[in-house]
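In: sequence first, predicted model second:
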Amino acid sequence: MDIDIKEKLREWARQYHHAAFIVSDPVQFPHRYSRQRDIEISGLLTAVLSFGSRKQILKKADELDRMMGQEPLRYVLSCRWRDDFDTSDTRSFYRMISYAGFRFYFEKLYEVYRSGLTLEDALSGFGGSPMQKLCAFLGVSDRSPQKKLNMFLRWMVRRDSEVDFGVWKTMSPSELVVPLDTHVCRTAFRLGLTDKPAFSLANARKITSALAEVFPGDPCLGDFALFGYGVTHPDD
């Protein structure tokens, strides 16, 4: 990689990787909590809702937080979600996710927390990378980019960050895959980190590998550089 590109990425990371990032990002919701289980629950549910208009994401995530009484673990264990997200309720909760569809995540989380585990503990029973573990737990494909799940993993695993939590100690930041959204994909393509702006797992891994050259052991620090620059300079 060209040394000038590396320096750009380092500079952009310094520019966008700081606490001020939180106030306009969905990560603000798990930042309302200090206990690992609350952070995990708020983080996963917020990440699942993180697609579409940023304004609408924040509005819906705030609504969900209020539904949980701003006590995610207590809400999950109370099973109040069984009434709030009925299996027969096909109304839209957020875009194409119905109330009945969103109930799935509460069912999965309830099974974890009623056993006294953390979500980190539960994932330890699965093999593979952090992304493969989480996909196996949720029963979804690990052959797609899974932007929302990789963003959640970044929140849980990255350490020494003002934005990410680093509460999961059994996984390494070096194992993470960059969350591949429009801004990241476009900026990476313009910089030549990838030869096509494709939304594929292969492309996410290629971009992650390139970022690992700049941020050894912590490639997702480059997520802030690509995303931050892509949002603030959409026409460059």
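Out: That came in fine, so what should we check first?

In: can you give me the helices in the chain?
Out: 3-16, 36-48, 54-67, 72-78, 81-84, 99-113, 119-123, 130-138, 147-157, 182-191, 201-214, 221-232 (DSSP state H).

In: nearest to Gly166 among these would be which one?
Out: helix 147-157 (6.7 Å; CB to CB). (Glycine included, C-beta is placed from N, CA and C.)

In: and that closest one, what does it pack against?
Out: helix 36-48, helix 130-138 (3 or more CB pairs under 8 Å, 6 or more residues apart in numbering; DSSP states H and E).

In: hmm, who's touching it?
Out: By CB atoms under 8 Å, 6 or more residues apart in numbering, the residues outside helix 147-157 that reach it are 27, 30, 39-40, 43-44, 47-48, 50-51, 120, 130-131, 134-135, 138, 140, 164-168, 171-173, 175-181, 204, 220, 223.

In: CA atoms of that helix as CSV?
Out: What follows is helix 147-157 as a C-alpha-only set of coordinates in CSV (Å, rounded to 0.1, in the frame of the first residue of the first chain):
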residue,chain,number,x,y,z
LYS,A,147,-22.4,-5.5,8.5
LYS,A,148,-24.7,-5.1,11.6
LEU,A,149,-23.2,-8.1,13.4
ASN,A,150,-19.6,-7.1,12.7
MET,A,151,-20.4,-3.6,14.0
PHE,A,152,-21.7,-5.1,17.2
LEU,A,153,-18.6,-7.3,17.5
ARG,A,154,-16.4,-4.2,17.0
TRP,A,155,-18.3,-2.5,19.9
MET,A,156,-17.8,-5.6,22.2
VAL,A,157,-14.2,-6.6,21.3
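
In: tell me which of the helices of the chain lies nearest to Ser92.
Out: Among the helices of the chain, helix 99-113 comes nearest to Ser92, with 8.0 Å by CB to CB.

In: neighbouring contacts of stretch 27-39?
Out: 21-22, 40, 42-43, 46, 58, 61-62, 65, 70-73, 113, 118-120, 155-156, 163-165, 167.

In: ok, back up a step: JSON lines for the helices and strands packed on helix 147-157, including distance to Asp195, mean pLDDT and mean neighbour count?
Out: Shown next, in JSON lines, are those (distance: least, CB to CB, whole Å; pLDDT from 0 to 100; neighbours: other CB atoms under 10 Å):
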{"stretch": "helix 36-48", "distance to Asp195": "29", "mean pLDDT": "98", "mean neighbour count": "23"}
{"stretch": "helix 130-138", "distance to Asp195": "23", "mean pLDDT": "98", "mean neighbour count": "19"}
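
In: need the ones you listed in JSON lines (columns: distance to Ile3).
Out: Converted to JSON lines, these look like this (distance: least, CB to CB, whole Å):
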{"stretch": "helix 36-48", "distance to Ile3": "35"}
{"stretch": "helix 130-138", "distance to Ile3": "30"}
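
In: closest to Ala212 out of those helices?
Out: helix 130-138 (15.0 Å).

In: got the angle for that closest one vs helix 36-48?
Out: Relative orientation of helix 130-138 and helix 36-48, computed by axes from the mean of the first three to the mean of the last three CA atoms, to 10 degrees: 90 degrees.

In: and helix 130-138, what does it pack onto?
Out: helix 119-123, helix 147-157.

In: next, the angle helix 147-157 makes with that helix.
Out: 110 degrees.

In: neighbouring contacts of helix 130-138?
Out: Outside helix 130-138, the residues touching it (CB under 8 Å, 6+ apart) are 108, 122-124, 126-128, 141-142, 146, 149-150, 152-153, 157, 171, 175-177.

In: and that helix, C-alpha only, in CSV?
Out: Extracted C-alpha coordinates of helix 130-138, given in CSV (Å, rounded to 0.1, in the frame of the first residue of the first chain):
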residue,chain,number,x,y,z
PRO,A,130,-16.0,-14.0,16.3
MET,A,131,-18.2,-13.5,13.3
GLN,A,132,-18.7,-17.2,12.8
LYS,A,133,-19.5,-17.7,16.5
LEU,A,134,-22.1,-15.0,16.5
CYS,A,135,-23.7,-16.1,13.2
ALA,A,136,-23.9,-19.7,14.5
PHE,A,137,-25.6,-18.5,17.7
LEU,A,138,-28.1,-16.5,15.7
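
In: since that was my last question, I'll sign off now.
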